[in-house]
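below is the structure, and that's it, no one-letter string:
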């Protein structure tokens, strides 16, 4: 491609609403253009990157035996009503009525449509397993779209859906996809982790997120540097502390803590470590009658160490707590006789269910609220001052330094951006939509399903968050809009420079290199700045002075400076680097 | 690809709602699956065809210097309000409100968005000309979606938009596209015509439709078999008859024609050729005041020969008739003193403007209504019985045998399916949206635009309408889902058949042939019927009997029977046929 036949449009400054680095750089490099909130045109430079992502994904999906199809973007509401998602998905689901008043949705994902296809097309166990995928435009009406392609409303996703005759086969299909995803992310040339994720009500470990590691990532990833353990924060287990509970050594003492309603403030006031404090969280669960009225409410008190955070996913999985909510202030006052800020498990007005984090269960001499404004209690001890809790469980997010669940040392935490997800669905959709096949005995059985997504337009943004510097983007070879750029210097004044540039361009093209010749006639400074912003990984500068000695300059986007290379050798050098 | 890794789903019968042959065959061949009215999933077999269409279009668009981008499917209403199309497009435009109540449309085309991009990105004449294209999902909320992909609501279109500094350059850009379209349709391997189409108010000849010729096509195409003249029915000019008007030879006679209100009935009753009759069409045009009230109505009488049909596009271009409507019955009665069925230009109650087709203007001794129920007048002659008309013009559709406008002989008419359109837009959108650039003198000028569409998902349907027989589809090589299919016969009972099939498959794959090995283990009859229905152009049958003599069978989808070919030569034969 020659620059004069392409469209290059760079900006010195990013627009004010671009908050994260990938959004800023994609706007500045002319890769995307905003049309509305969370809605972007993929400009020619950006579309080339997206096409490279798509090509790799398509190749590896095909290699893994998945079959491509393309479901409609606009889907009838009926199918979404069958699974209940038409209502459940809330305002994120973009709903439309057509000219006849029939309801439709703009697909955010396609479980319903593919299950409808499967229940019509797959009749016999002989047709299974089957994995269908598509690469298609999706829409999610985010309340606060932002960060460019990172959290857009319209986006491109590769979504795949596997259908199997039983769990054993479904798990094998899942593993085939998990392996394909590893190959895909390896080929992208990104640093990533496949992390165990929560698989909801289904249980088991059959849910993994593919996270591109980046300091700016919105997800916390927990991993063990000594092993291959990795999980997202929702999923990572905090083990019970190894040792036994120490014996009580302090007397129970009510202490004035005026205005100090947080554990941190109390610890500071009393001059004790935050780890000696315990925070009280009050939840409630409602029992409904047949008509949906609340006939009974149970209040729960959760205790966590002052420096720990509650993990809502873990709490939601505890018996009785699947539909928990936070208690209201009147409910709290009725049980604790006190407003939030000074709560604790002692001196309750009404009984509550007491659920305690594994860490708190082995603490001695701890500090909690006194259920009286401006007072805490120190020297609290299990057994002596209050009965053992109703339940001890893992209630919290892990923190760096916690023991890895696989026993291989302390956990570390880093940030990541989720760009892929493989998920075993079981019969959630096949049951709702009665998607059955006839087994070997001619009996109808529900299909076992899995679903597998990759955020095709999110991936370039994640790649940039991981690979950039103060001058711009640094693309891995596999994702670059162009792999090599040739920059002729003052070609208008030097026929030799022009000829050498054209000839190198032709040679690289013939070798299958995705090369761009910058024939715009820009000054060297502006030209180099453009390509460093756009992030083409390999650059060859061809100028008069070096050319007189038979040389050109080669510079990788990560190199601090250019290196002289004989003109006669530069094509071979590039071809070797690119392994084309 | 092996069939076992793919998804093949054929039907013996087409669903009842499939009316046209392409719809029936695409459903039966498992290429598309209906999700809702005019909304189809592209099944794996169909998506392969669509991908082939896309690849050829993309290659030729790039070769022609167009630059690919991808505009959003969901577009803010504001831009559509700028051009007035948000209201003007009526119920075909699918409108949505997002969660904040902001209005959006699902793109049926993207003139507004691309013009918005151009007015922001193109500042100087130095950046022109530029041609942007996309291949993207579109939606048109057809009142009566039907015929499968032929007139679906959701469809894929390639739409391109050129921007130029002046008309000369815009016309050159138009010609580049028209040439690229010829290359594209040549590569598809379809019989097609590029036909001149009406270019609306802009005038000139810069509008061509690309019509795939098919007996079932909904458009009539006018062409001259002796030259390259071709136009659609709206556009094709009917020349004035060559000779002078004959002299009057009959007396004016009022003739009873009870109940005969059509020209055909009158001609039959009187035993004269239909070509001696003249039909009267009454139109009206309204003059409005500033507040939109009708302050004056002009009634027009159009005369056409009894065997000719009025061409509304041509009539709409005549001076004073751009906003014509058909007159109401009261308006007709007030001017003619008679209900429709027996109207004519003689004995009017009030004057009308008389517009006469070129053919009628040179007729003598003709027949028309008497403006009295159940009576016609014969022997009517210009000058003698009524004054010369106010206007003589081309008012009618041409018919086969009319003289070609280029003087190269008589016109012929055939049917076609429109799958592409190139169109010079002028400044229609750039004016509405103030898309200007600075010319060499630093003065702002409106960009000259063109737009160029190809119906990517409509094309396979058109190809099938042109290429099928009673057994199924017959794909041109370039569009086939697979170019070659290998059918092993009873491979489960013959290791030799299996080995020969696998080895031929590997050899063709290595040569870059898009080959499918049917390893499903179906009986030969069912297997052949499937591939004839699906329409793979080249088939190799490998069976035990022929193989013992070193032979296999080759059959092109158009061949009546298979031909024996030595196994050792079949790969070379295929490669030569396919020119891979």
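Perfect, I can see it now. Computed from a predicted model, the values in this text were never measured in an experiment.

low pLDDT regions in chain A?
Where chain A drops to pLDDT under 70, the residues are A:200-205, A:580.

for it, longest helix please?
Looking across chain A with DSSP state H, the single longest helix is helix A:167-188.

for residue A:450, which non-adjacent residue is closest in space?
residue A:162 (4.2 Å; CB to CB, 6 or more residues apart in numbering or on different chains). Backbone N, C-alpha and C define where each C-beta goes, glycine included.

over to the one you found. Which of the three states is it?
Using DSSP: H, G, I helix; E, B strand; the rest coil, the secondary structure recorded for residue A:162 is strand.

which residues does it contact?
A:66, A:129, A:130, A:131, A:170, A:173, A:174, A:177, A:449, A:450, A:451, A:452 (CB atoms under 8 Å, 6 or more residues apart in numbering or on different chains).

so the residue most central in space within chain A, which state does it fall into?
For chain A, residue A:418 is the residue whose C-alpha lies nearest the centre (CA atoms, centre = their mean; 1.9 Å). Reduced to three states with three-state DSSP, the structure at residue A:418 is strand.

about what we covered before: which residues does the residue nearest to residue A:450 bridge with?
residue A:131, residue A:450 (DSSP bridges).

equivalent analysis for residue A:103, please.
Applying DSSP bridges to residue A:103, the residues it is bridged with are residue A:97.

looking at it, it is touching residue A:95, isn't it?
Yes: Residue A:103 is in contact with residue A:95 according to CB atoms under 8 Å; the separation is 6.3 Å.

what about the two, which has more around it?
Between residue A:103 and residue A:95, counted using other CB atoms under 10 Å in any protein chain shown, residue A:95 has the larger neighbour count: 18 against 14.

any idea how many residues pack against the residue in the stretch 201-350 of chain A that chain B sits nearest to?
Nearest to chain B in the stretch 201-350 of chain A, going by CB to the nearest CB, is residue A:218, at a distance of 21.5 Å. Around residue A:218 there are 14 other residues, counting by other CB under 10 Å.

before we move on, what about the one 4 residues further on?
A count of neighbours around residue A:222, defined by other CB under 10 Å, yields 28.

who's it bridged to?
Assessed by DSSP bridges, residue A:222 has beta-bridge partners residue A:231, residue A:413.

contacting residues for the residue nearest to residue A:437 when sequence neighbours are not counted?
Counting by CB to CB, 6+ apart, residue A:437 lies nearest to residue A:122, which is 5.3 Å off, once chain neighbours are set aside. The contact partners of residue A:122, by CB under 8 Å, 6+ apart, come to A:128, A:130, A:163, A:435, A:437, A:447.

ok, now residue A:311?
Here residue A:311 is in contact with A:233, A:234, A:394, A:395, A:396, A:397 (criterion: CB under 8 Å, 6+ apart).

would you turn the contacts of residue A:162 into TSV with distance to residue A:298 and neighbour count?
Below are the contacts of residue A:162 laid out as TSV (distance: CB to CB, whole Å; neighbours: other CB atoms under 10 Å in any protein chain shown):
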residue	distance to residue A:298	neighbour count
A:66	46	25
A:129	44	20
A:130	45	18
A:131	44	21
A:170	37	24
A:173	41	25
A:174	37	25
A:177	41	26
A:449	35	25
A:450	36	26
A:451	35	22
A:452	39	27
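
distance to residue A:259 for the residues you listed - can I get that in CSV?
Output for the contacts of residue A:162, formatted as CSV (distance: CB to CB, whole Å):
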residue, distance to residue A:259
A:66, 60
A:129, 63
A:130, 64
A:131, 60
A:170, 56
A:173, 58
A:174, 53
A:177, 54
A:449, 55
A:450, 53
A:451, 51
A:452, 52
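
nearest to chain B, of those?
Out of the contacts of residue A:162, the member with the shortest distance to chain B (by CB to the nearest CB) is residue A:130, at 6.8 Å.

just checking, that closest one touches residue A:65?
No: counting by CB under 8 Å, residue A:130 sits too far from residue A:65 to count as a contact (9.1 Å).

residue A:286 and residue A:296 touch, don't they?
Yes: if you go by CB under 8 Å, residue A:286 and residue A:296 touch, sitting 7.2 Å apart.

more neighbours, the two?
residue A:286 (13 against 9).

what bridges to the residue nearest to that one when sequence neighbours are not counted?
Sequence neighbours aside, residue A:294 is the residue nearest to residue A:286 in space, at 4.5 Å (criterion: CB to CB, 6+ apart). Residue A:294 has these beta-bridge partners by DSSP bridges: residue A:288.

ok, the one 4 residues further on next?
Under DSSP bridges, the beta-bridge partners of residue A:298 are residue A:285.

circling back to that earlier point, now the residue of the stretch 201-350 of chain A closest to chain B: how far from residue A:465?
Noted for residue A:218: a distance of 10 Å to residue A:465, by CB to CB, to the nearest Å.

intersection of neighbour lists for the two?
Common neighbours of residue A:218 and residue A:465 (CB under 8 Å, 6+ apart) are residue A:417.

close to chain B, is the longest helix of chain A?
No: Helix A:167-188 is not in contact with chain B by CB under 8 Å from any CB of the partner chain; minimum separation 12.3 Å.

buried residues in stretch A:442-459?
Within stretch A:442-459, the residues scored as buried using 16 or more other CB atoms under 10 Å in any protein chain shown are A:445-459.

again, but for stretch A:337-357
A:338, A:340, A:342-346, A:348, A:352-357.
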